[in-house]
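Engineer: Sequence plus the predicted model coming up.
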Amino acid sequence: MSAVLRADNLVRILPGEVPVTLVNDVSLTIERGEFICIMGPSGSGKSSLLYLLGLLDVPTSGQVWLDGENTSVYGEDDLANRRLEKLGFVFQFHFLLAEFSVIDNVTLPMRRLSRLDESAARARGLELLDRLGVVEQSAKHPHQLSGGQRQRVSIARALANDPLILLADEPTGNLDSVAGATVRQILKDLAHDMGKTVVAVTHDAAFAAAADRRIGIVDGKIDADWRAG
Amino acid sequence: MRIQLQVALTHLTGRRRQTLVSLTGVVLGVAFFLAVSSLMRGSEQDFIKRLVDNSPHITVSDEVRRPRTQPAERRWTDGAVKIRNLKPQTETRGIRGYREKLALIEAIPGLRVAPVLVGSAVLTFAGREEGVTLSGIVPKTMKTVSTIQDKMIEGSLDALDVNPNGIVIGTGLAEKFNLGLGRNLTVVAASGASRAMKVVGLFRTGNASVDETQTFTLLKRAQVLFERPNRVNRLLIQLDDAYAARAVAQRIEDAIGDKSVSWVEASEDILSVLVVRNIIMYSVVSAILLVASFGIYNTLSTIVLEKTRDIAILKSMGFHARDVRLIFLFEGVIIGVIGSLFGLALGAAFMHGLSLVQIKPPGVSEKVFLPIWWGAQQFALATAFAMTSCILAAWLPARRAGRVHPVEILRGAA
């Protein structure tokens, strides 16, 4: 296995009258195809760490290496390009665009990247929706779907540009146990069957139990790092 | 379709009512801009056209801008010579050697010239007297520099050639004297000479003062009446290109020495008033579009506030800040384009409606249609102004949207 994502001494401090340290000197290496859960109590800094690893936020100090590239030297546009090409995000709330149909939501990142023409992007979008079991909903709008279906559509959107890494922030936090189990299984299959690297922040013990590796965060620091088996 | 454009369209169609209000503002702004400016430009064009058509493009008169140089000045060009209180020689007024000067001017291409002797006279008929301006003309040349022949409603200028004692008068004067074609009246010149003349033509220009005071007779007859044989005091010139008048007038004055005044110079004060009027007009109609642009700003600002989460998710996906800005600029452009198209159509309808309205301005004896200018420049200007307003109105919300930091929004939403 090779390192697809590496964090070196990451620190993120929120400036203000009383500066708040969200992430405190975190270093970790994530291998290709790993299914990782980041766990910890509320306010421990796990989501902040995920945003730093996902290049959504910029560290106060330290470096993030993505696919062998040091991203700390990049400007805003370069970081956006890396997110578009190499990363996919799934959030607790689905964050689908309400005015767009399911298929239009899924093809959004592909159309922005412009590697595929419109018909090819649509075909790939339908294929992803089919793989996630929601292809029948492709013409519908997000408000016509159940919570679990919406989250599967948002996973399809995250996979649109065939990213190296899928980053998920509490992906089952807003779902019932059945829908949550389905999403958990999908993410696990993505890692094990498709070789995607999945990094998920969760409170869900069942979710964590399914992961290959569990990282515990307390007060912005890595408190524990277990590997299954 | 570009993804940014598609997102922009969904924003606008998702907020139909606000979009419609913004659009209505632009449509009305463009329509009023077009209607008012075309009316103002139309009246300006109409005014200039009347000015250009109804008066000579250049008038050469028997005056000089600077006194003629005296022999002593020519003899001692470097000497300390100053001549004061110069008394002009008593002579018959008029353009000296007008035939040679006429030939000189006629040699210039692209113009027509007519000699005229203008003087004051009193017309008497049935015990009534009326002071008039009597112009002695050569009908054949006068027709080439004046539109008076087109204004004839009875008789013609050519009738003067047939009847050397003929006179052509305006309908205003004819109505005052209650006389018609073929009637005789007496013309008394300032010199005291008088002659009975026969009305051989009636004209109506629509300008009351011209119709009541202007009269025409043969040049030779006028020279006799005014006791100025072989003299004229005006050379009226009409050009193929009226807007070359200033340059040609200068050329003529340089060549013959007599004062040559172009219609532009003669109307400078009026033309400067037109410029001021245009500035006021464009300020007022631009204010309408400015108000409309506030509507667009309001709508787009609301959309930015409502769609902050969508903007954050787009940026988290990899959309650049400029992509997000482009979305909102597209929204401004879409409102601008659709608003301009409907505004131009509505404005054209307003213009058509206005062009059917008849008014009777003071000093004019006939009703006239409101002059509307249908020039493409007006349509382009209205569109350009509307598009600029819309893009400027969209710029601030677009810039704010581009600055949305996804983490702040996503953290808050979670």
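Structural biologist: Received the coordinates, thanks.

Engineer: which stretch of helix or strand covers the closest residue to B:Cys390 other than its chain neighbours?
Structural biologist: Nearest residue to B:Cys390, sequence neighbours excluded (C-beta to C-beta, 6 or more residues apart in numbering or on different chains): B:Gly336, at 3.2 Å. For the C-beta atoms, the positions are set from N, CA and C on the backbone; glycine is no exception. Assigned by DSSP states H and E, B:Gly336 falls within helix B:321-355.

Engineer: So which bits of that helix are buried?
Structural biologist: Residues B:321, B:323-336, B:338-340, B:342-344, B:346-348, B:350-351, B:354 are the ones in helix B:321-355 that count as buried (16 or more other C-beta atoms under 10 Å in any protein chain shown).

Engineer: In three-state terms, label A:Ile222 for me.
Structural biologist: Assigned with DSSP: H, G, I helix; E, B strand; the rest coil, A:Ile222 falls in the strand class.

Engineer: next one: B:Ile95
Structural biologist: Going by three-state DSSP: B:Ile95 is coil.

Engineer: Show me the domain layout of chain B.
Structural biologist: What automatic domain parsing lists as the domains of chain B is B:3-52+B:270-413, B:92-258.

Engineer: what pLDDT, on average, does the shortest one get?
Structural biologist: Yep, that's domain B:92-258 we're talking about. Averaging pLDDT along domain B:92-258 gives 91.

Engineer: Was I right to think B:Arg228 contacts B:Leu117?
Structural biologist: Yes: contact criterion C-beta atoms under 8 Å: B:Arg228 and B:Leu117 qualify, at 6.5 Å.

Engineer: what do these two both touch?
Structural biologist: B:Gly94 (C-beta atoms under 8 Å, 6 or more residues apart in numbering or on different chains).

Engineer: In terms of neighbours, single out the busier of the two.
Structural biologist: Each of B:Arg228 and B:Leu117 has its neighbours counted (other C-beta atoms under 10 Å in any protein chain shown); B:Leu117 has more, 26 against 19.

Engineer: sorry, back to before: now the residue nearest to B:Cys390: how far from chain A?
Structural biologist: For B:Gly336, the distance to chain A (C-beta to the nearest C-beta, to the nearest Å) stands at 22 Å.

Engineer: Kindly report the same for B:Ala159.
Structural biologist: Taking C-beta to the nearest C-beta, one finds B:Ala159 at 80 Å from chain A.

Engineer: And for that residue, the neighbour number?
Structural biologist: 19.

Engineer: nearest residue to it other than its sequence neighbours?
Structural biologist: B:Val200 (3.8 Å).

Engineer: same check, this time on A:Ala3
Structural biologist: That would be A:Thr29: by C-beta to C-beta, 6+ apart, it lies 4.9 Å from A:Ala3.

Engineer: That neighbour pairs with what?
Structural biologist: Per DSSP bridges, the residues bridged to A:Thr29 are A:Arg6.

Engineer: So which residues on chain A come close to chain B?
Structural biologist: A:47, A:51, A:54, A:56-57, A:76-77, A:80-85, A:87, A:89, A:91-93, A:95, A:97-100, A:104, A:108-109, A:111-113, A:157, A:161, A:169-170 (C-beta under 8 Å from any C-beta of the partner chain).

Engineer: Show me those residues that map onto helices.
Structural biologist: Secondary structure of these is defined by DSSP state H; positions in helices are A:47, A:51, A:76-77, A:80-85, A:104, A:108-109, A:111-113, A:157.

Engineer: circling back: list the helices and strands the helix holding B:Gly336 packs on?
Structural biologist: helix A:76-86, helix B:3-14, helix B:16-54, helix B:268-306, helix B:308-317, helix B:376-402 (3 or more C-beta pairs under 8 Å, 6 or more residues apart in numbering or on different chains; DSSP states H and E).

Engineer: Looking at the ones you listed, which is nearest to B:Asp150?
Structural biologist: Shortest separation from B:Asp150 across the helices and strands packed on helix B:321-355 is recorded for helix B:16-54, at 9.2 Å, computed as C-beta to C-beta.
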